[in-house]
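>>> No letters, just coordinates:
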């Protein structure tokens, strides 16, 4: 086991082989501190995405794709497939023009 002295960044107390300060109970391990901060940021981001309401178009399309009537659901799936085809086509044209301009 590696033994080390770590100085607390909060209160300045020197601690011997501890993860938490013996005086103020602050976290001393920098790697663990960064990991906890990144996890908390990720949790906040996930909660924020859950709390945002979809716009009207997204809600309309989602309701149409999950509709109980088979004909309406087929209409929405067909419209979505056509929209996706044209979106890919336009994206490909933009990529082609950009590549041609770049040389």
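Looks like it came in fine. If you're wondering where the values come from, they're calculated on a predicted model, not measured in any experiment.
>>> what's the spacing between residue 101 and residue 87?
As defined by Cβ to Cβ, to the nearest Å, residue 101 lies at a distance of 21 Å from residue 87. In short, each C-beta sits where N, CA and C put it, glycine included.
>>> ok, how many other residues are close to residue 65?
Counted with other Cβ atoms under 10 Å, the neighbours of residue 65 add up to 13.
>>> For this protein, just list every one of the strands.
When assigned using DSSP state E, the strands of the chain occupy the ranges 5-7, 14-16.
>>> Indicate which one of the ones you listed is closest to residue 52.
strand 5-7 (41.2 Å; Cβ to Cβ).
>>> Go through the longest helix anywhere in the chain and flag the buried ones.
Longest helix in the chain, counting residues (DSSP state H): helix 70-102. Within helix 70-102, the residues that count as buried by 16 or more other Cβ atoms under 10 Å are residue 76.
>>> what helices or strands is it leaning on?
Counting contacts by 3 or more Cβ pairs under 8 Å, 6 or more residues apart in numbering; DSSP states H and E, helix 70-102 is packed against helix 56-65.
>>> which other helices and strands contact the helix it packs on?
Contact partners of helix 56-65 among helices and strands, from 3+ Cβ pairs under 8 Å, 6+ apart: helix 70-102.
>>> burial measure for the nearest residue to residue 54 once chain neighbours are set aside, as a count.
On the basis of Cβ to Cβ, 6 or more residues apart in numbering, the spatially nearest residue to residue 54 that is not a chain neighbour turns out to be residue 62, at 7.0 Å. Applying the criterion other Cβ under 10 Å, we find 12 residues in the vicinity of residue 62.
>>> try residue 8
Neighbours of residue 8 using other Cβ under 10 Å come to 19.
>>> Surely it is in contact with residue 15?
Yes: counting by Cβ atoms under 8 Å, residue 8 sits close enough to residue 15 to count as a contact (6.3 Å).
>>> and for those two, which residues touch both?
Here residue 8 and residue 15 have 21, 28 as joint contacts, going by Cβ atoms under 8 Å, 6 or more residues apart in numbering.
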